[in-house]
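A.B. asks: Mind looking at a prediction? Sequence and model below.
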Amino acid sequence: MMKLTRFFCCLALVAAVNSISFAQDTVKVKPATAAAAIPFVPPLPMSTLRLGIAGMSHDHVNGILSDYQQGKVIIVGIAEADKQLRAKYQERYKLPDSIFFDDLKKMVTTKKPDAVLGYNPVAKHIDVVEICAPLGISVMVEKPLAATLAQAKRMEFLALKYYIKLLTNYETTWYPSYQHVYNVASKDSIGRIRKMVVHDGHQGPKEIGCSPEFLSWLTDPELNGGGALIDFGCYGANLMTWLMEGQKPIAVTAVARHFKLNVYPKVEDDVNILIEYPTATGLVEASWNWPFSIKDLEVFGDKGYMHALDKNNIVTRVNDTSTSASNSTALEAPLDNPVTYLQLVLKNRLLGINDRSSLKYNMIVMQILDAAKRSIAEGKRIVL
């Protein structure tokens, strides 16, 4: 009898709870049923920026389109004139017809994005800025900033005239290991930096399976500005500018080789760049002719040495007494990916001025690349 009494009391309590009406928001709590469907709640985007995409021929576009498909970013418009290229990505990422435009200006004036990301040939980055800057739309392009120093100077002029942010995205900017090396070096923990060595390269863009659309301009001296020099040399120039706190080099000397004439007939596929600073030396080794892919960074100081072996792993040696290998800690949001970084920069205009993505640092990168081209052509050291 006691058990039955408790049972009926429980039933009464459940009924009472299910009939409660909350006067404040007029929500009634109803008993759940097994057949009730659970509504799908899409994930919150990692960025609330309304993005426009300029071009789709750069294979890095797969990253932002994948984020869009997963609900992490908002893309309001894509400007790409190549119908076949559009169809390929539309099918792969289930993109709606409504976001596609043949013309960039029509896209930005119709959709009014907060910022435009450039995934077009490097020599066409200037076209994106020519259209977006007068409309007050900030731009982030894939590395490097431009194909020539002259183009970069025009882009800088437009960005400053119309008060937009003009940023450059490098894959290595989002490497936790590189940030760790910078943090340690900036605290003088390994002494004053005396030498920097950067390796960036792989077997070659054709050998690793880059798309035909990407290869068509990546291996063109006009559309890309060069071969391995531009594609991979820019990484080292960017990292050294960052490590040297935006200091301009005093001289650049470069040597280019052309090992794969049959594969890349128009551009160099292997380059060494020596960058001289008043108190340090940098060596950039960039290649499309290596047996494997590598992106690493070595920094030598008066008291120690750090080697970022890859994205996460670091070797540190100080005063010839201790050697340690460690995994770097993950970057903290929002400074852990290009889109959330871009959103932060647009909210706080003091950011994006002195860092790897900044216009200031990338104008120095373009000066280094231009000097390297001249050094190769003239066979001599170029004083800046």
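C.D. replies: Sure thing, it's come through. In this text, all values refer to a predicted model and were calculated from it rather than measured experimentally.
A.B. asks: Got the phi and psi for H199?
C.D. replies: When read as degrees, to the nearest 10, the backbone of H199 gives phi -110, psi 130.
A.B. asks: Oh, that last question was meant for A372, not what I typed.
C.D. replies: phi -60, psi -40.
A.B. asks: Could you grab the helix/strand/coil label for the residue nearest to it when sequence neighbours are not counted?
C.D. replies: With sequence-adjacent residues excluded and distances taken as Cβ to Cβ, 6 or more residues apart in numbering, A372 is closest to A254, at 3.8 Å. C-beta: built from backbone N, CA, C; applies to glycine. Of the three states, A254 takes strand according to DSSP: H, G, I helix; E, B strand; the rest coil.
A.B. asks: Ok, L346 next?
C.D. replies: With three-state DSSP as the basis, L346 sits in helix.
A.B. asks: Give me the number of neighbouring residues for it.
C.D. replies: Applying other Cβ atoms under 10 Å, we find 17 residues neighbouring L346.
A.B. asks: what packs against the helix or strand harbouring V184?
C.D. replies: When elements are defined using DSSP states H and E, V184 is found to belong to helix 176-186. Packing partners of helix 176-186 (3 or more Cβ pairs under 8 Å, 6 or more residues apart in numbering; DSSP states H and E): helix 233-243, strand 294-301, strand 304-308, strand 313-318.
A.B. asks: Just name the most buried of these.
C.D. replies: helix 233-243 (a mean of 27; mean count of other Cβ atoms under 10 Å).
A.B. asks: How far does that helix sit from its chain's centre?
C.D. replies: With Cα atoms, centre = their mean, to the nearest Å as the basis, the distance from the averaged C-alpha position of helix 233-243 to the chain average is 14 Å.
A.B. asks: Now do the contacts for Y264.
C.D. replies: Residues in contact with Y264 (Cβ atoms under 8 Å, 6 or more residues apart in numbering) are G204, K206, T219, G227, H258, W288.
A.B. asks: Narrow the residues you listed to just the buried residues.
C.D. replies: The neighbour-count test (16 or more other Cβ atoms under 10 Å) marks G204, K206, T219, G227, W288 as buried among the contacts of Y264.
A.B. asks: Surely the second one is in contact with V263?
C.D. replies: Yes. Using Cβ atoms under 8 Å, K206 and V263 qualify as a contacting pair, with a distance of 5.9 Å.
A.B. asks: Please report the distance of the residue positioned nearest the centre of the chain from S357.
C.D. replies: Closest to where the C-alpha atoms of the chain average out (Cα atoms, centre = their mean) is N169, at 3.4 Å. Taken as Cβ to Cβ, to the nearest Å, the spacing of N169 relative to S357 amounts to 6 Å.
A.B. asks: Could you tell me which residues touch both of those two?
C.D. replies: Taking Cβ under 8 Å, 6+ apart as the contact rule, N169 and S357 both touch M140, P338.
A.B. asks: Helix or strand: which one has D127?
C.D. replies: Secondary-structure assignment from DSSP H and E places D127 in helix 125-132.
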